[in-house]
Structures are given as structure tokens and as C-alpha cells.
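[1] Model the following, please.
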Amino acid sequence: MTLSDPVSKTGIETVLSVEGLRLDLLGSPGQPGLVDDVSFEVRAGETVALIGESGCGKSITALAILGLLPAVVAVSAGTVLIAGEKTTGAKARRLAALRGSSVGTVFQDPMSSLNPTMTIGAQIAESRQLHLKESRKVATEKAIELLELVGIPNPRSRAAAYPFELSGGMQQRALIAAAVACEPQLLIADEPTTALDVTVQAEILELLKSIQERNGMGVLLVTHDLGVVAGVADRVVVMYAGETVEQAQTEDLFASPAHPYTRALLSSVPQTGKRLKPLPIVPGRVPPAGAFPQGCRFQDRCSYMVPSLCLDGTIPVAQVHPHHESRCLRIDEVVRSERTP
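    Sure thing, here's the model as predicted:
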């Protein structure tokens, strides 16, 4: 189930559609439904945040969208469309053509993403040569322009530098320049600021926003940082143990979470002006692959769990109100308790 056509900032087309995606972990111990019944959309000009604790399935979902799953994980159901083109089941050559042209990617560790044997300029130019068929000279000049666009000083000299000669912040900026070199319609940013200090983090997020406004691309932001989500996301998709458990506009989700997991996440964020008050925590941990429980996957950590309701069967996604969904059988109680002083 997906949200019912939320209106984006631009009001134009969907650049990413994930519908009923299911991934199976093969081998032993295996896990059917490692990711199960995942559905969401990203529209042109909007930022959708995919959030949850480590181990909830965010990054493996992003890899499935890109067609970069490891050999031990397979798509067993569902569809992914990028810019209207179905990519689930597509040939490797076609997927390679889409990566860089229709969809760009920024990962959290630029040093593992950038090629240490190539100059920064050559790595950015390579994408334009491959996808746009530009000459090396033209692509190199464009790479210098892109380095200037992302705020790297002395872009011409930096284009001739190798990754190890740049600071972490400049490496991430260079990686962003490479990701948007061909003006993709979709950008997937997987924890793009985790390894950076707070000041550089803010600069990188502002940079992504300015490029988005310039190019009108959709952004899927994979993160666990709720502060980042509140500042940049238009909509939020919450994942837990491989399932999407809540989706809503950002303001609605922060104001009135409708799933116990979302509520627990928001409650555990430190609040200003509350000295000497113990910080709430989410008890327990995300169940590992191979040990997902029957029924609600959050049952062992949930204060709203009722054995007769939550321990068996499939928990469906329910509509809270237009553009707000929750995978919970006790939505009314969760929302009511959130409003209780």
C-alpha cells in the first residue's frame, strides 16, 4: 500500500516508485522477507527521509533500488521504477546505464566511494563522458564547474588532486559533484553526513538542498538522524526490521506519530530545557535476520503489545488520515496517548 498521491512541492512526476518490495536472504541462516512489503514514492523536487535504527533495512533497500544487492540477497516480489522505468529484473547493462544518468548516489564514506588512483576531476568527468558522450576536454571543464558549484575553492587545482589530498568535507563535496554530474532526476543519499562534524554537516545538507532547488531532482535521504530529518525532509518513511511501519508528512509525523516505534524514536531524542530528567530509551534491539517474530516485528519492544492481536498473522498498513499510514493494530491508542499531557 502506498500513500494516496501526496502533492509534492513541484506537483510533477514521481521519480522513484517502490511498490511491495520483498527481499529474501538466501543461504543458511536465511530470512524470507528480510525486507517485506516496502512501498513508498519520491517525487521531483521533494526530499523523502528513510529512517530507522541500524539493522532496520534502510541501506539494503537503497541497494535494491540501485540494483546493487549482494549475491546472498534476492528480490522475490515487488517493483521499483526509476523515472518511470522498471528496474526490478532489468539487465545489468541497463542498470549500469541508469546509475549516474537517471539516479545519482552519495554514500556516507567518501574515501571508500572515490577511486584513490584517479584525480577528482577525472572521476567527475568520467560520468559525463560515459553517459553524455562528451569529449574528455569538455567533460573536464564541466567537472571544474561542478567543483565550483559544490563550493570547493580553487576548483581547477582541486580537479587535479587525488582524494587523499582533500579533507573529509571536500571529499564529500566532490562525491556530490560526481553524483549530480549528469543532472539525475533522483539522488539517493545514504547517511551522507555521518562522518562529518556538525558545521560541515550543515554545509553539506545546505549544498544538497541548493542543488535540488536548482535541478528539481527528488532526494531519498537514508538516515537515523532525526534532527536532519526535521530540517530537510518533506516526508518520512519509518522502517523497522525490514518493514515500513509509518509514512507521513514530516510535520504530521513529528506532531502525532501513529506507530509505537516512531513514538519511541522521537521520545528518545534529547530535549532542551529538561535538565535532570532521564532520557527515554527504546528497550531491546532490532531482531537479527533469521529471528524475525511472527505477527508484529516490534512486539518484543512495544508497550502497546496485546498478545491476542499482535503475535500472529500479518500486520496490515492502515490509513491514519490522508497521507499518513501506520502498520499497527492499536493506532487509536498510540495517537491518543501522544496527545495526553
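[2] residue ranges for the strands of the chain, please.
    With strands called from DSSP state E, the chain shows them at 14-25, 31-43, 47-51, 73-82, 85-86, 103-106, 186-190, 218-223, 235-240, 243-249, 318-321, 324-326.
[3] which outside residues touch the shortest one?
    Contacts to strand 85-86, defined as CB atoms under 8 Å, 6 or more residues apart in numbering, come from residues Thr79, Val80, Leu98, Ser102. Heads up, the C-betas are built off the backbone N, CA and C, glycines and all.
[4] can you do 6 Å?
    Here strand 85-86 makes contact (CB atoms under 6 Å, 6 or more residues apart in numbering) with Thr79.
[5] ok, now stretch 169-184?
    By CB under 6 Å, 6+ apart, the residues outside stretch 169-184 that reach it are 100-106, 110, 113, 120, 123-124, 127-128, 131-132, 146-147, 150, 152, 163, 200, 204, 211, 215.
[6] longest helix in the chain, by residue count?
    In the chain, assigned by DSSP state H, the helix with the most residues is helix 198-215.
[7] Now do the buried residues in it.
    Using 16 or more other CB atoms under 10 Å as the test for burial, helix 198-215 gives Val200, Gln201, Glu203, Ile204, Leu205, Leu207, Leu208, Ile211, Gln212.
[8] Check whether the second one really touches Thr193, as I assumed.
    In this case it means Gln201. Yes. Counting by CB atoms under 6 Å, Gln201 does reach Thr193; the two are 4.0 Å apart.
[9] picking that back up, tabulate the strands of the chain (JSON lines), appending mean neighbour count and distance to Asp300.
    Output for the strands of the chain, formatted as JSON lines (neighbours: other CB atoms under 10 Å; distance: least, CB to CB, whole Å):
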{"stretch": "strand 14-25", "mean neighbour count": "21", "distance to Asp300": "20"}
{"stretch": "strand 31-43", "mean neighbour count": "22", "distance to Asp300": "17"}
{"stretch": "strand 47-51", "mean neighbour count": "25", "distance to Asp300": "20"}
{"stretch": "strand 73-82", "mean neighbour count": "18", "distance to Asp300": "24"}
{"stretch": "strand 85-86", "mean neighbour count": "11", "distance to Asp300": "37"}
{"stretch": "strand 103-106", "mean neighbour count": "25", "distance to Asp300": "34"}
{"stretch": "strand 186-190", "mean neighbour count": "24", "distance to Asp300": "28"}
{"stretch": "strand 218-223", "mean neighbour count": "26", "distance to Asp300": "25"}
{"stretch": "strand 235-240", "mean neighbour count": "26", "distance to Asp300": "12"}
{"stretch": "strand 243-249", "mean neighbour count": "26", "distance to Asp300": "14"}
{"stretch": "strand 318-321", "mean neighbour count": "15", "distance to Asp300": "21"}
{"stretch": "strand 324-326", "mean neighbour count": "25", "distance to Asp300": "19"}
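[10] Contacts only, for the residue nearest the centre of the chain.
    Here the mean C-alpha position of the chain is nearest to the C-alpha of Val222 (CA atoms, centre = their mean), at a distance of 2.6 Å. Going by CB under 6 Å, 6+ apart, Val222 touches Leu50, Lys58, Ala62, Asp190.
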